[in-house]
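In: missing the sequence, but the structure's below:
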């Protein structure tokens, strides 16, 4: 049973809504650090430009250096008291990131598990070159969480 199925079975609707909102901060990259999908439709233009800028590319490149190569899934976190925790998870073909904050209503472990679950689903079913397929799976995953 997957993470989202367990959440629904236990009846965590409020947490599910919070998780769906948190998952909206996800950006998925290919192994070269190129964004495959970022759900930035609801973010204002200035924030969008900042997220598309060098900060995320630098984090992705750092992640490529620090996270294990190969098929093993690994996760690292960058913590900031003011801005929250930037969670980065790497699989064989994808890198996923999300910004977690204490106020999100979702425990950090649950956020990490949700990001890992999304990347497992992507790995199992979609080539990173299929941007439309990746975008659809990410949006479907978020809608299942709510």
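Out: Yep, it's here. Just so it is clear, the structure is predicted and the values come from calculations on it, not from any experiment.

In: So which elements touch the helix or strand hosting residue 113?
Out: Per DSSP states H and E, residue 113 falls inside helix 108-125. Counting contacts by 3 or more C-beta pairs under 8 Å, 6 or more residues apart in numbering; DSSP states H and E, helix 108-125 packs against helix 3-10, helix 13-23, strand 27-30, strand 74-80, strand 84-90, strand 94-100, helix 131-145. Heads up, the C-betas are built off the backbone N, CA and C, glycines and all.

In: tell me the angle of that helix relative to strand 84-90?
Out: Relative orientation of helix 108-125 and strand 84-90, computed by axes from the mean of the first three to the mean of the last three C-alpha atoms, to 10 degrees: 30 degrees.

In: Now do the buried residues in helix 108-125.
Out: Residues of helix 108-125 classed as buried: 108, 110-122 (neighbour count, 16 or more other C-beta atoms under 10 Å).

In: Stretch 24-39 now?
Out: Buried, per 16+ other C-beta under 10 Å, within stretch 24-39: 24-30, 33, 35-39.
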